[in-house]
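Colleague: Below is the sequence, then the predicted model.
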Amino acid sequence: MLTAPSLPLLAALFFAPTAAQDLAAAPQSVAHTSATPLERALESVNDRAIRADMDFLAGPALGGRGTPSPELELAARYVEARLRRLGIEPGTTDGYQNRFDLSGLQLDVERCSISITAPEGQRTLQLGDGAYLRSGSDLIDVDVDAGVVAVGDGSRSVIDEVGDLTGSWALMFESGRGTTGAIRRLVDAGAAGVLVTPGNEYEREPYAERYADSLERLGKLRYSSPTSAPPEARTGAPVLLVDREVGTWMLSSLGFDAAPAPGTRLDLRVAERRAVTRKDASAPNVAGLLRGTDPELASQVLVLCAHLDHLGTDAEGVVYPGADDNASGTVGLLALAEAIVARGAYGRSVLFLWVSGEESGLWGSAMWCRDPRLPAGLAPRAAYNMDMIGRDAPATLWVTPTSEHAAFNPFAALAPELAGTEGFEDIVSQDSYWRASDHYSFASELRIPVLYLSSGEHDDYHKPTDLPERIDFDKLERIVRLTLRILERTDGLTLEPVESVDGRPR
């Protein structure tokens, strides 16, 4: 398995003048003897540069390019450096990077504490050792110090019998048949918090097994979608699960050998403090602009898109390199930039756009669509997405939207028409993946025609084994060349807004 290197090593790997990086960074000279712009572009698709880009972007130095991460920032700088060397101008009013803000919450485990005071003394618990949390609903700020009332299994009839619980912890004995409804009723009855412990009927796995990963999940910083309001730490009645041993200790310290009758006020006091921290960050989209040459078309922008990010590195330090997903699309878009510069500009302007946060929910493309920051006078008119273009059968190409899809358009129709010129005889519909990648943001947010090409899923999808050595570089390069053939025909199309997305009218 790949493991992530340290940041100093990352910096050294990024800035060291290795042969591979020199090759990847500099435009490749090609003896252009061909007569047509398309032939010049096709000849410029350079196998050695593509492989060098892949080895770097999907190598251990880039740590899986999680969003956000220092490694993703290095990938963005790598792409930006290529745009500069190619003489492609910045694609946003902010320069080459169109950044978006992120905010996330995490449990601050070091600031959490639990104590139970009984007649025979006080006991301190640690989250993950005797006391447990459930899920994201427990990600709240807590400061509760209160007495305890037994409430049986928390059923409606018991709560009606117990009455007002204001200012007290409700101690509920779980049967194993679900606690969500009972917890909600107890909070509605005024409980300051809910303690849950296994009852006599509980036969499920011990809490230590059942909630083994909850602390890790809650303690890991998870960013919210940038398209929604920044998250804020909430307050509310906490739910705290204590295992059978702790529950038995509480009762035996009071002389009980079974659950007390509902409504019994126990000589216990439970204090819990739980702290949630908000952290802010940002993530890069990288954009370069090649202005069109046709006075009538140059204001129309054709967006060529690939996502730069992947899954990053897990808690054990294992890197998810994302060679196919989506270093393949990233290097394919770099190759397109090289080839289009060699060809010369189209009539329409072209925006080369690498977005991040795709794996988290199409974050970067959605934010770009909402705030593209294009230079004045320019507007997107169509979008092309390359995501996972380096695997599967050599002659198979996955395409969406197809003619069976409501968002099918003349731009997308060029893919099956021209696929055979690059050896793709097996065209597979990926309409079932319509919402799965960044093209969907452009279709749903902007209502412009889109096209998405890929090579489909495979056994290494979202695994540490998605490695550069498993890439079919010949297929990747043929998809790049097919894209060039499609683009050559695009100036002759009228690009109108799509009338429907997912079958819904505008």
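Modeller: All right, it came through fine.

Colleague: What count of nearby residues applies to Asp460?
Modeller: Neighbours of Asp460 under the rule other CB atoms under 10 Å: 17. From N, CA and C alone the C-beta is placed, and that goes for glycine too.

Colleague: ok so it is a helix residue?
Modeller: No - Asp460 is assigned coil when assessed by DSSP: H, G, I helix; E, B strand; the rest coil, not a helix.

Colleague: Identify the residue nearest it in space, chain neighbours excluded?
Modeller: Asp466 (4.3 Å; CB to CB, 6 or more residues apart in numbering).

Colleague: what's near enough to touch the one you found?
Modeller: Ala58, Tyr320, Pro321, Gly322, Ala323, Asp324, Asp325, Asp460 (CB atoms under 8 Å, 6 or more residues apart in numbering).

Colleague: Give the buried residues for the host helix or strand of Asp141.
Modeller: If you go by DSSP states H and E, Asp141 is part of strand 140-150. Across strand 140-150, burial judged by 16 or more other CB atoms under 10 Å covers Ile140, Asp141, Val142, Val144, Ala146, Val148, Val149, Ala150.

Colleague: Just list the residues touching the closest residue in space to Ala146 that isn't next to it in sequence, thanks.
Modeller: Closest residue in space to Ala146, ignoring its immediate chain neighbours: Ala192 at 4.7 Å, by CB to CB, 6+ apart. By CB under 8 Å, 6+ apart, the residues touching Ala192 are Val144, Ala146, Leu165, Thr166, Gly167, Ser168, Trp169, Ala237.

Colleague: mind listing which of those residues are in strands?
Modeller: Val144, Ala146, Ser168, Trp169 (DSSP state E).

Colleague: what two of those have the greatest distance between them?
Modeller: Across these, no pair lies farther apart than Val144 and Ser168, at 9.9 Å, counting by CB to CB.

Colleague: where along the stretch 151-300 of the chain do the strands fall?
Modeller: 168-174, 193-198, 222-223, 234-235, 239-242, 265-274, 276-290, 300-307 (DSSP state E, counting those that start in this stretch).

Colleague: which other residues reach the third one?
Modeller: Think strand 222-223. Residues from elsewhere that reach strand 222-223 (CB under 8 Å, 6+ apart): Thr67, Pro68, Leu102, Ser103, Gly104, Leu105, Gln106, Ala281, Ser360.

Colleague: out of the residues you listed, which is most surrounded?
Modeller: Thr67 (25 neighbours).

Colleague: And Asp138, its phi and psi?
Modeller: Dihedral pair for Asp138: phi -90, psi 10, per degrees, to the nearest 10.

Colleague: Enumerate every residue touching it.
Modeller: By CB under 8 Å, 6+ apart, the neighbours of Asp138 are Ser214, Leu218, Pro238, Val239, Arg274.

Colleague: Quick check: of those, which lies closest to Thr313?
Modeller: Thr313 has its nearest neighbour among the contacts of Asp138 in Leu218, at 19.3 Å by CB to CB.

Colleague: nearest residue to the spatially most central residue of the chain other than its sequence neighbours?
Modeller: Averaging the C-alpha coordinates of the chain gives a centre point, and the residue nearest to it by CA atoms, centre = their mean is Ser360 (1.5 Å). With sequence-adjacent residues excluded and distances taken as CB to CB, 6+ apart, Ser360 is closest to Thr67, at 5.6 Å.

Colleague: try Leu186
Modeller: Setting aside the residues directly before and after it, Leu186 is nearest to Ala170 in space (CB to CB, 6+ apart), at 4.4 Å.

Colleague: Distance check, that neighbour against Arg265.
Modeller: Counting by CB to CB, to the nearest Å, the separation of Ala170 from Arg265 is 11 Å.

Colleague: what do you get for Pro375?
Modeller: Relative to Arg265, and taking CB to CB, Pro375 is found at 70 Å.

Colleague: Of these two, which one has the most company?
Modeller: Pro375 (16 against 11).

Colleague: Now do the phi/psi pair for that one.
Modeller: Main-chain torsions, Pro375, degrees, to the nearest 10: phi -60, psi 150.

Colleague: re earlier: give me the subset of the contacts of Asp466 lying in strands.
Modeller: Tyr320.

Colleague: Name the nearest of the contacts of Asp466 relative to Gly181.
Modeller: Tyr320 (38.1 Å).

Colleague: Quick check: bridge partners of that closest one?
Modeller: Under DSSP bridges, the beta-bridge partners of Tyr320 are Gly312.

Colleague: Might one say that it is in contact with Asp309?
Modeller: No - in this structure, Tyr320 is not within contact of Asp309 by CB atoms under 8 Å, at 10.7 Å.

Colleague: Could you tell me what pLDDT the model assigned to the residue lying closest to Thr166 once chain neighbours are set aside?
Modeller: Leaving aside its chain neighbours, Thr166 sits nearest to Gly190 (3.6 Å; criterion: CB to CB, 6+ apart). pLDDT recorded at Gly190 is 95.

Colleague: and the closest residue to Ser225 other than its chain neighbours, how far is that from Pro226?
Modeller: Nearest non-adjacent residue to Ser225, counting by CB to CB, 6+ apart: Gly361, 5.6 Å away. To Pro226, Gly361 is 9 Å away according to CB to CB.

Colleague: Neighbour count: those two, which is higher?
Modeller: Neighbours were counted for Gly361 and for Pro226 using other CB under 10 Å; Pro226 has more, 20 against 13.

Colleague: gap between that one and Leu362?
Modeller: Pro226 sits at a distance of 11 Å from Leu362 (criterion: CB to CB).

Colleague: All set, thanks.
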